[in-house]
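*Asks:* Fold the following, please.
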Amino acid sequence: LYEHFAYGSTVSWEVLSAGLTGCGLVFQAMDEMHYRVAYVDQSGAYGLSERIGDSFMPGVFGEKHDLVGNRHHLLVIVQEQRQLYYLDGFLVGTLATEAIEGSVGNAVVNFEPIRTSCSFTDSWVWNWSN
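*Replies:* The predicted model follows:
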C-alpha cells in the first residue's frame, strides 16, 4: 500500500492520424476500470481524474494555451490524503485522495479513435511510506 509516493516521467507523443491525443501517468490502478490518471494533450489541456467503472469522477481540468511542443514532464505526488499534479514544473492541480492499493503505469489518452503513440522517458517512482 503506497500512501506517500511520487511518480514522474517525461512524455512525448506522435500523432499518426488526425485527432486529439495525449499521454498520461496512471496510478493507484486496481484494474482497467478503477484507476487515477494525470494527463496532458496536444491542445494544451491537462487533467487529473479518477475512473470508477464506466465513469470519470470530477477532478482537475485546465488549459495552458502557451504550452508548446509534444514533450512534457508530468509529476504526481500523493501525500497526506491529497494528490498534487505538476506539469513542466508548475503545480496545476490538487485533489483529495485516500490510500488505496494499486499499481502505476503509462497511458495513451485518445479522445476519439485515432492512431497515436506515446513515449515515456526518465520514469521513476519514489515511495516514502515504508
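
*Asks:* which residues touch G47?
*Replies:* G47 makes contacts with V37, A38, Y39, G59, V60, F61, G62, G93, as judged by CB atoms under 8 Å, 6 or more residues apart in numbering. Every residue, glycine included, has its C-beta placed from N, CA and C.

*Asks:* Kindly format the C-alpha coordinates of the helix or strand where the second one lies as CSV.
*Replies:* Yep, that's A38 we're talking about. Assigned by DSSP states H and E, A38 belongs to strand 34-41. Output in CSV follows, covering the C-alpha atoms of strand 34-41 (Å, rounded to 0.1, in the frame of the first residue of the first chain):
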residue,chain,number,x,y,z
HIS,A,34,-10.5,1.6,-11.4
TYR,A,35,-7.5,4.0,-11.5
ARG,A,36,-6.4,7.6,-11.4
VAL,A,37,-4.8,9.4,-14.3
ALA,A,38,-2.8,12.6,-14.8
TYR,A,39,-2.5,13.6,-18.5
VAL,A,40,-1.6,16.4,-21.0
ASP,A,41,-2.9,16.5,-24.5
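
*Asks:* Can you list the strands that it pairs with?
*Replies:* With DSSP bridges as the test, strand 34-41 is paired with strand 21-31 (antiparallel), strand 45-52 (antiparallel).
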